[in-house]
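[1] Sequence and predicted structure are below.
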Amino acid sequence: MNKIKLNREVAAYRAGNEESLVYIFETINPLIEKASRDLENYIDEFTKFDCRVILELKRLIKTFKEDEHDFLSAAKAVIDRTKSQYYKRDSRNSKLYTSMNALETVEDEDKVGYQFADRRQNVEDEVLLNEKITLLAQGDNRRKIILTEWTKGATSKSISELLAQQLGGKADSHYRFIKRFKSECQNALAGY
C-alpha cells in the first residue's frame with residue numbers, strides 16, 4: 001500500500017473530492033476484512049463490526065492531519081482498537097451464555113441437536129456438599145473453614161496459615177488440629 005498516495009487521497013477527500021473516499025476504503029478494506037475474520041467466533045453479525053470501523057475511519061478522516069501522521073498507521077490503530085473492544089465485550093458477556101454441545105447421530109448426519117447444561121444438577125451437588133460440610137463441622141467455625149477450603153483444593157499448610165490469620169494463634173497448632181480433624185473426617189465418612 002502506498003502510504004503517501006493514501007495521505008494525498010485523504011487530503012483530496014477533505015478538499016471535496018468524493019472519489020477519493022472510494023480509493024481510501026478500497027485500500028483499507030482488506031485490513032477490515034482480516035479483522036472480521038479474526039473476530040469470526042466473537043461476532044454475531046459482521047456488518048455491525050464493519051459499520052463501526054467505517055464510522056470510526058470517517059471520524060479519523062475528518063480530524064486527520066496529513067503533515068503530522070500517517071493515515072494507514074492511524075487506520076490500523078482504529079481497527080485494532082475496535083477489534084479489542086469486541087473481544088472485551090464478548091469476554092464480559094460470554095459468562096452469561098450456557099454452553100451447548102452439538103450431538104451428531106451416526107444414522108443421519110444432517111440432523112444436529114443441542115444439549116443444554118442442566119444447572120439444577122450443579123445446585124443439587126452444591127447443596128449436598130454444603131450439608132456434608134455442616135454435618136462434619138458440627139457447628140465449629142474452624143472446622144467449617146477447613147472443610148470449605150479443602151473443597152476448593154487448598155492444602156493443609158495453607159489452611160493453617162489462613163486460620164492463624166482469621167482466628168489467631170499459631171499456624172503450627174492449627175496444622176496439628178487439621179491433621180487430627182482429617183483422620184476424624186475420614187473415619188466419619190467411612191462409617192467407623
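    Looks like it arrived, so ask away. Numbering: from 1, shown residues only.
[2] What helices and strands are in contact with the longest helix seen in the chain?
    The longest helix of the chain (DSSP state H) is helix 71-93. Contacts defined by 3 or more CB pairs under 8 Å, 6 or more residues apart in numbering; DSSP states H and E place helix 71-93 against helix 3-14, helix 19-38, helix 46-63. In this view, the C-beta of every residue, glycine as well, is placed from N, C-alpha and C.
[3] Between helix 19-38 and it, find me the angle.
    With axes from the mean of the first three to the mean of the last three CA atoms, to 10 degrees as the basis, helix 71-93 and helix 19-38 are set at 40 degrees to each other.
[4] Tell me which helix or strand the closest residue to residue 158 other than its chain neighbours sits in.
    Nearest residue to residue 158 in three dimensions, chain neighbours excluded: residue 149, at 7.6 Å (CB to CB, 6 or more residues apart in numbering). Assigned by DSSP states H and E, residue 149 falls within helix 141-151.
[5] Work out the gap between that helix and the centre of the chain.
    30 Å (CA atoms, centre = their mean, to the nearest Å).
[6] Give me the buried positions along it.
    Under the neighbour-count criterion of 16 or more other CB atoms under 10 Å, helix 141-151 has 142, 143, 144, 145, 146, 147, 149, 150 buried.
[7] which one of those is nearest residue 124?
    Distance to residue 124 across the buried residues of helix 141-151 (CB to CB) is lowest for residue 147, with 18.7 Å.
[8] what's near enough to touch that closest one?
    Counting by CB atoms under 8 Å, 6 or more residues apart in numbering, residue 147 makes contact with 132, 133, 136, 137, 185.
[9] can we see that at 10 Å?
    When contacts are counted by CB atoms under 10 Å, 6 or more residues apart in numbering, residue 147 touches 129, 130, 132, 133, 134, 135, 136, 137, 140, 159, 181, 185.
[10] burial measure for the second one, as a count.
    Counted with other CB atoms under 10 Å, the burial measure for residue 130 works out to 14 neighbours.
[11] so what's it up against?
    Going by CB under 10 Å, 6+ apart, residue 130 touches 144, 147, 148, 151.
[12] Now residue 13: closest residue in space, sequence neighbours ignored.
    residue 20 (3.8 Å).
[13] that older thread, looking at the helices and strands packed on helix 71-93, which is buried most?
    helix 3-14 (a mean of 17; mean count of other CB atoms under 10 Å).
[14] What confidence value was assigned to the spatially closest residue to residue 148 that is not a sequence neighbour?
    If the residues on either side of it in the chain are set aside, residue 148 comes closest to residue 133, at 6.3 Å by CB to CB, 6+ apart. In this prediction, residue 133 carries a pLDDT score of 82.
[15] Pull the CA coordinates from stretch 155-173 and hand them back as CSV.
    As requested, the backbone C-alpha atoms of stretch 155-173 are provided in CSV (Å, rounded to 0.1, in the frame of the first residue of the first chain):
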residue,chain,number,x,y,z
THR,A,155,-3.5,-27.7,51.2
SER,A,156,-3.5,-28.2,55.0
LYS,A,157,-0.5,-25.9,55.3
SER,A,158,-2.2,-23.0,53.6
ILE,A,159,-5.4,-23.6,55.6
SER,A,160,-3.4,-23.5,58.8
GLU,A,161,-1.9,-20.1,57.8
LEU,A,162,-5.4,-18.9,56.9
LEU,A,163,-6.8,-20.0,60.3
ALA,A,164,-4.0,-18.2,62.1
GLN,A,165,-4.8,-15.0,60.3
GLN,A,166,-8.6,-15.3,60.8
LEU,A,167,-8.9,-16.8,64.2
GLY,A,168,-5.5,-16.0,65.8
GLY,A,169,-3.0,-18.4,67.3
LYS,A,170,0.0,-20.1,65.6
ALA,A,171,-0.2,-21.8,62.3
ASP,A,172,1.6,-24.9,63.7
SER,A,173,-1.1,-25.6,66.3
